[in-house]
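In: Sequence first, then the predicted structure, then my questions.
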Amino acid sequence: MPPIVLPKIDFNREFSFSDQDFERVRQLIYKEAGISLNPTKKDMVYGRLVRRIRELKLASFGAYIDFLQSVAGKREFEQFVNALTTNLTFFFREEHHFQMLGDYLKTLAGKGEISIWCAASSTGEEPYSIAISALEALGSTGRSPVQIIATDLDTSVLEVGRKGIYSADKIARLPAGYAARYFDKLPDGNYQAKQQLRDMISFSRLNLVESSWSVRKPFDAIFCRNVMIYFDRETQFSVLKKFHPLLKAHGLLFVGHSENFYFAADYFTLRGKTVYELTKSKP
Ligand SMILES: C[S@@+](CC[C@H](N)C(=O)[O-])C[C@H]1O[C@@H](n2cnc3c(N)ncnc32)[C@H](O)[C@@H]1O
């Protein structure tokens with residue numbers, strides 16, 4: 001007689017979370033957001049979703065996933081995705097990019113509107129760093145020629161970005177002098193990006209793995225940093241192919257510090273440290 005395999009029960013957890021439940025979560029988030037969850041992330045997934053299960057007063061992870069897949073659970077999908085995205089970001093992350101951006105923008109000065117797409121903007125520190133770099137490079141009087149489209153899949157982080165309000169410890173990461181120049185101190189001790197900065201950025205939801213994107217115009221630069229690490233090679237490649245026609249001939253693609261797209265050499269060529277330009281002979 002074959003041995004009977006009993007499901008593993010974790011008595012330390014408030015809700016049971018079987019390997020099968022984890023596999024279902026993995027498949028759902030991959031299909032929805034392109035995020036490939038490593039098998040070692042089971043505890044992380046538990047920690048991030050357990051609040052949803054409590055809030056919905058469900059009895060188990062299995063019941064939560066069933067609910068997500070039901071017609072009634074459609075609206076919960078947004079919360080599910082928001083809970084599973086990793087939103088770590090900070091002002092002037094990978095500072096060399098902003099120095100390079102400033103130099104690049106100076107070469108475009110006086111040639112009309114400059115459009116930049118920040119494609120996984122999280123809570124906004126990245127697009128505000130881009131806006132500050134633009135004002136530093138091109139001057140801050142009058143209306144800035146730089147317009148930034150900031151998009152993310154996670155609706156809760158977009159809301160933070162729109163408000164542009166950050167705690168003092170986040171603001172402390174700004175280069176010297178920028179806090180006073182570009183942020184207003186609020187009575188509660190937080191800081192808000194000045195109106196001039198906020199006017200340069202429009203925030204909206206865009207899922208990089210969806211077949212059609214709401215952004216149309218060719219950009220002078222695309223920032224897509226520290227998101228493709230969550231995608232598998234096939235997904236990365238399809239996103240890169242879609243970026244290609246959205247960059248102007250002289251455009252730059254800024255990527256994250258651990259992202260390397262050598263496999264897309266037909267489309268993008270390394271121009272500097274984690275910065276790409278269009279490969280001259282288009283495929
Ligand atoms: C680690 S943060 C990086 C933020 C910022 N780009 C940076 O480098 O500091 C990754 C962001 O990618 C977003 N994201 C994940 N999957 C996405 C997708 N399919 N489409 C758009 N954004 C996505 C997440 O919501 C998260 O805000």
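Out: Received, thanks.

In: where in this protein is pLDDT low?
Out: 1, 5-12, 282-283 (pLDDT under 70).

In: hey, where'd the helices end up in it?
Out: Ranges of helices within the chain are 19-33, 42-55, 61-68, 76-84, 95-108, 125-138, 155-163, 168-171, 178-182, 195-198, 233-243, based on DSSP state H.

In: Now do the second one: everything it contacts.
Out: In other words, helix 42-55. 13-15, 17, 19, 22, 25, 37, 60-61, 63-64, 76, 79-80, 83-84 (C-beta atoms under 8 Å, 6 or more residues apart in numbering). For the C-beta atoms, the positions are set from N, CA and C on the backbone; glycine is no exception.

In: what's the angle from it to helix 19-33?
Out: Helix 42-55 and helix 19-33 are oriented at 90 degrees to each other (axes from the mean of the first three to the mean of the last three C-alpha atoms, to 10 degrees).

In: what does the third one give?
Out: Compare the direction of helix 61-68 with that of helix 19-33 by the same axes, to 10 degrees and you get 30 degrees.

In: Tell me which other helices or strands helix 61-68 touches.
Out: For helix 61-68, the packing partners by 3 or more C-beta pairs under 8 Å, 6 or more residues apart in numbering; DSSP states H and E come out as helix 19-33, helix 42-55, helix 76-84.

In: Buried residues, it. List them.
Out: Neighbour counts over helix 61-68 (16 or more other C-beta atoms under 10 Å) mark 61-62, 64-65, 67-68 as buried.

In: next one: the first one
Out: Taking 16+ other C-beta under 10 Å as the basis for neighbour counts, the residues of helix 19-33 that come out buried are 21-22, 24-26, 28-30, 32-33.

In: Same check on stretch 72-79?
Out: Result for stretch 72-79 [16+ other C-beta under 10 Å]: buried residues 73, 76, 79.

In: can you list contacts of that stretch?
Out: Stretch 72-79 has contacts (C-beta under 8 Å, 6+ apart) with 32, 52, 56, 66-68, 155.

In: again, only using 10 Å
Out: Outside of stretch 72-79, the residues within contact range by C-beta atoms under 10 Å, 6 or more residues apart in numbering are 28, 32, 49, 51-52, 55-56, 64-70, 80, 153-156, 205.

In: likewise stretch 243-250?
Out: 104, 107-108, 114-115, 117, 119, 208, 213, 215-222, 224, 251, 253, 261, 264, 266-268, 276-280, 282-283.

In: Around the ligand, which positions in the stretch 101-250 of the chain sit nearby?
Out: The stretch 101-250 of the chain comes close to the ligand at residues 120, 122, 126, 152-154, 157, 207-209, 225-227, 230, as judged by C-beta under 6 Å from any ligand atom.

In: Before I go, just wanted to say thanks for your time.
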